[in-house]
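[1] got a predicted model here, sequence first, then my questions.
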Amino acid sequence: MFNIGWQEILIISVVVILILGPKELPALSKLFGCNQKNQTFVF
């Protein structure tokens with residue numbers, strides 16, 4: 001699928017935390033989790 005290692009995931013996570021701030025992370029993770037749940041039913 002994607003050729004992303006753990007270092008790239010760590011860098012992306014740090015950038016997202018810096019951009020959004022810690023207050024927005026629970027809402028973002030909830031949104032991502034709902035999207036993942038809906039996607040499993042499609043496949």
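    Right, received. Where do you want to start? Numbering: from 1, shown residues only.

[2] please identify the helix or strand for His29.
    Quick fix: residue 29 is Ser, not His. Element membership for Ser29 (DSSP states H and E) is helix 25-42.

[3] what's the answer for Ser13, then?
    Secondary structure assignment for Ser13, by DSSP H and E: helix 6-20.

[4] for that helix, the distance to its chain's centre please.
    9 Å (CA atoms, centre = their mean, to the nearest Å).

[5] tell me what that helix is packed against?
    Applying 3 or more CB pairs under 8 Å, 6 or more residues apart in numbering; DSSP states H and E, one finds that helix 6-20 contacts helix 25-42. (Each C-beta comes from the backbone N, C-alpha and C, glycine too.)

[6] now the helix it packs on: average pLDDT?
    Throughout helix 25-42, pLDDT has a mean value of 69.

[7] about what we covered before: then the helix holding Ser13 to CSV, C-alphas only?
    C-alpha atoms of helix 6-20 as CSV (Å, rounded to 0.1, in the frame of the first residue of the first chain):
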residue,chain,number,x,y,z
TRP,A,6,7.7,4.3,11.7
GLN,A,7,9.9,7.4,11.5
GLU,A,8,7.7,9.0,8.9
ILE,A,9,4.6,8.3,11.0
LEU,A,10,6.3,9.8,14.0
ILE,A,11,7.2,13.0,12.1
ILE,A,12,3.7,13.3,10.7
SER,A,13,2.2,12.8,14.2
VAL,A,14,4.4,15.5,15.7
VAL,A,15,3.5,17.9,12.9
VAL,A,16,-0.2,17.2,13.4
ILE,A,17,0.1,17.8,17.2
LEU,A,18,2.0,21.1,16.6
ILE,A,19,-0.6,22.3,14.0
LEU,A,20,-3.8,21.3,15.7
